[in-house]
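Q: I need the structure of the sequence given here:
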Amino acid sequence: MDGKQSWLKKQKLSNQLAIIPSDLLSPPTGHPRDPQAAPSATITTPFCEVTGTVSSRRRNSSMAGSDPEKLMAKADKITKLSFTRWNADWKNAAVLYEQAAIGFRLTKNYEKAKLAFEKASKGQEMLSSPWDAAKHMESAAMMAKENGKWNEVADFYRRASELYIECGRPQPASDALAKGARALEESMPEEAVRLYTDACEILEEDAKEQMAFDLYRAATSVYIKLEKYECAASTLLRWGLAADKCNARNSQCKAYLSAIIVHLYAHDFEQAEKCYNDCSQTDAFMGSDQFRAASKLLSAYREGDIEEVKQVAQSSTISNLDNVIIRLARKLPTGDLEVVKTEAAGEEGGQVDEDDLT
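A: Next comes the predicted model:
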């Protein structure tokens, strides 16, 4: 009985193998099963193989449909009004423009990427989403930078800043202007300092002066490169005032001393002395190390003592200032100290003693 059952099982297995095509029993290496080889046979494909094929088809379909030129054309089409389309589809168009921009950027077609990001920004504006519009505008600015179109860089970053302000975000608004300024420092330094200044104003209006310290520093550096020393000193004094508002006394005193050094480097002793007198009216500056260094510098100038000027310029107090100011201080004195000494002596001799009636 057991022998008969064993024979029946073998016979059943033989019949099952007979209906399976030979190429399925030993498929070629790396070659998938071919269902056309045995149309009468029922083949069960593993689930992972099916999902893999579907996923691959979806990826290929996505890649085929991600031609940035076609995406742009489609977006333009659904935003253009006609007799059959009375309303622009900005919701879908904004997505298409963004995808097109990314595609153009990947192929380093920065001009078309810039245009696509501009349109994506406009789409987000139409959808009342200024935050996303600002992000796309910043991306357009970066594409303009890649193409060296500096005027557009400034315009795009300014527009991005306006959009951030529109959605009540002053910090990103200031950051956008600062990015534009950094991008333009070499090619358009005049515009760069304007952007830095506007970025500072946004933070000042939001009572976040301490977050503007790096912007004051950057603006000062650009002014010095342009040899606009009066503007550099004014920026430093503005920095000192901002530091005073947020009780950053060390930064305040450093800014005041730096302003005095800038005036001296420009060989404007009179303005340096006036700046010193004005800064001395603040409690924070009076009695500070920076106040003492400024006093020694001015005294050395009045006395025409070149060695003393150089010695003070090498002091640790001045060595702790920003690098751009240290470099100026190390070059002092820049003019003829005898002239300063003579003028200072003349001013002292010209003062009238009210108690002297002779």
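
Q: next secondary structure after the helix or strand of the chain with the lowest mean pLDDT?
A: Using mean pLDDT, DSSP states H and E, helix 47-64 stands out as the lowest-scoring helix or strand of the chain, at a mean of 39. Using DSSP states H and E, the next helix or strand after helix 47-64 towards the C-terminus is helix 68-79.

Q: hang on, D322 packs against I261?
A: No. Using C-beta atoms under 8 Å, D322 is not in contact with I261, being 10.4 Å away. C-beta coordinates here come from the backbone N, C-alpha and C atoms, glycine included.

Q: neighbour count winner among those two?
A: Shown here are D322 and I261; by other C-beta atoms under 10 Å, I261 has more neighbours (25 against 15).

Q: skipping adjacent residues, who's closest to the more buried one in space?
A: Using C-beta to C-beta, 6 or more residues apart in numbering and skipping residues adjacent in sequence, the residue nearest I261 is A329, 5.1 Å away.

Q: secondary structure class for the one you found?
A: Following DSSP: H, G, I helix; E, B strand; the rest coil, the label given to A329 is helix.

Q: neighbours of it, how many?
A: A329: 24 surrounding residues under other C-beta under 10 Å.

Q: ok, it - contacts?
A: Contact partners of A329, counting by C-beta atoms under 8 Å, 6 or more residues apart in numbering, are I261, Y265, A313, I318, L321.

Q: so who does L184 touch?
A: So L184 contacts W150, V153, A154, E191, A192, L195 (C-beta under 8 Å, 6+ apart).

Q: can you rerun that using 6 Å?
A: Listed by C-beta atoms under 6 Å, 6 or more residues apart in numbering, the contact partners of L184 are W150, E191, A192.

Q: which one of those residues sits in the busiest neighbourhood?
A: Top of the contacts of L184 by neighbour count (other C-beta under 10 Å): A192, with 25 neighbours.

Q: thought that residue was touching A183?
A: No. Here A192 does not reach A183: they are 8.1 Å apart, not a contact under C-beta atoms under 6 Å.

Q: and the residue most central in space within the chain, backbone torsions?
A: For the chain, the residue lying nearest the average C-alpha position, counting by C-alpha atoms, centre = their mean, turns out to be K179 (3.4 Å). Note on K179: backbone dihedrals following degrees, to the nearest 10 are phi -60, psi -40.

Q: setting aside sequence neighbours, what's the nearest residue to it?
A: Using C-beta to C-beta, 6+ apart, the closest residue to K179 is Y157 (6.0 Å).

Q: host element of the one you found?
A: Counting by DSSP H and E, Y157 is part of helix 150-166.

Q: what residues of that helix count as buried?
A: 150, 152-161, 163-165 (16 or more other C-beta atoms under 10 Å).

Q: then stretch 167-174?
A: Neighbour count says stretch 167-174 has R169, P170, P172, A173, S174 buried, by 16+ other C-beta under 10 Å.

Q: would you turn the residues you listed into a markdown table with secondary structure, pLDDT and distance to M142?
A: Formatted as a markdown table, the buried residues of stretch 167-174 follow (DSSP: H, G, I helix; E, B strand; the rest coil; pLDDT from 0 to 100; distance: C-beta to C-beta, whole Å):
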| residue | secondary structure | pLDDT | distance to M142 |
| --- | --- | --- | --- |
| R169 | coil | 96 | 19 |
| P170 | helix | 96 | 22 |
| P172 | helix | 98 | 15 |
| A173 | helix | 98 | 17 |
| S174 | helix | 98 | 18 |
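
Q: closest to F104 out of those?
A: Of all these, P172 has the smallest distance to F104: 24.9 Å, by C-beta to C-beta.

Q: give me the pLDDT for the closest residue to the closest one other than its chain neighbours.
A: Here the nearest residue to P172 in space, its sequence neighbours aside, is Y164; by C-beta to C-beta, 6+ apart that works out to 4.4 Å. You'll see Y164 listed with a pLDDT of 98.

Q: check contacts around Y164.
A: By C-beta under 6 Å, 6+ apart, the residues touching Y164 are A134, P172, A173.

Q: mind showing which ranges of this structure have poor pLDDT?
A: Counting by pLDDT under 70, the ranges of the chain that qualify are 1-65, 81-86, 344, 346-358.

Q: I'd guessed the residue nearest to K179 sits against M142; true?
A: No. Y157 lies out of contact with M142 (C-beta under 6 Å); the separation is 9.5 Å.

Q: quick one, phi psi at D305?
A: Dihedral pair for D305: phi -90, psi 100, per degrees, to the nearest 10.

Q: just give the number of residues close to it.
A: If you count neighbours by other C-beta under 10 Å, D305 ends up with 17.

Q: what's the closest residue to it other than its chain neighbours sitting at in phi/psi?
A: Closest residue in space to D305, ignoring its immediate chain neighbours: L337 at 7.5 Å, by C-beta to C-beta, 6+ apart. Dihedral pair for L337: phi -70, psi -20, per degrees, to the nearest 10.
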